[in-house]
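In: Task: produce atomic coordinates for the following.
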Amino acid sequence: KTIVDPTVIGNIGRYVNHSCDPNLVMVPVRVSTMVPHLALFVCKEVRQGQELCFDYADRDQKNVGKSPALAADENKGVVISQPKRTPCLCRSYNCSGFLPFDPFLL
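Out: Sure, this is the predicted structure:
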């Protein structure tokens, strides 16, 4: 699993917003190193003037779409109380309501 956090260092890509219905997909590209470069590719038609966005989450993760107050590690049966979640403002039809959050990274 590769975790990206451009809080301290990053390029112009750090300003690409999240959407639950993205028009970009992020692909790790490794060239002569184990540390990947992250490439953004269009995954659907983009109209002129349309905002480019990608999904910050791995939509296969177990906690997506679960209660914003609780997340469960189903492998261990552990329930972890989460801090207040950041609302998602993408307004897409399939919006999950909150930005992705992985409590095990805390």
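In: Can you give me the distance of residue 25 to residue 7?
Out: 22 Å (CB to CB, to the nearest Å). Placement of C-beta: from N, CA and C, glycine included.
In: higher neighbour count, these two?
Out: residue 25 (13 against 6; other CB atoms under 10 Å).
In: Next one: the closest residue to that one other than its chain neighbours from residue 31, what distance?
Out: Once flanking residues are discounted, residue 25 sits nearest to residue 43: 4.5 Å by CB to CB, 6 or more residues apart in numbering. With distances taken as CB to CB, residue 43 is found 22 Å from residue 31.
In: out of these two, which sits in the more crowded spot?
Out: Each of residue 43 and residue 31 has its neighbours counted (other CB under 10 Å); residue 43 has more, 12 against 6.
In: quick one: pLDDT of the more buried one?
Out: Per-residue confidence (pLDDT) for residue 43: 95.
In: same question, the one 5 residues further on
Out: Predicted confidence (pLDDT) for residue 48: 97.
In: residues near it, how many?
Out: Residue 48, neighbours per other CB under 10 Å, totals 4.
In: ok so it is a strand residue?
Out: No: looking at residue 48 with DSSP: H, G, I helix; E, B strand; the rest coil, it is coil, so not inside a strand.
In: in this structure, which spans are strands?
Out: 17-18, 24-29, 37-42, 53-54, 70-73, 78-81 (DSSP state E).
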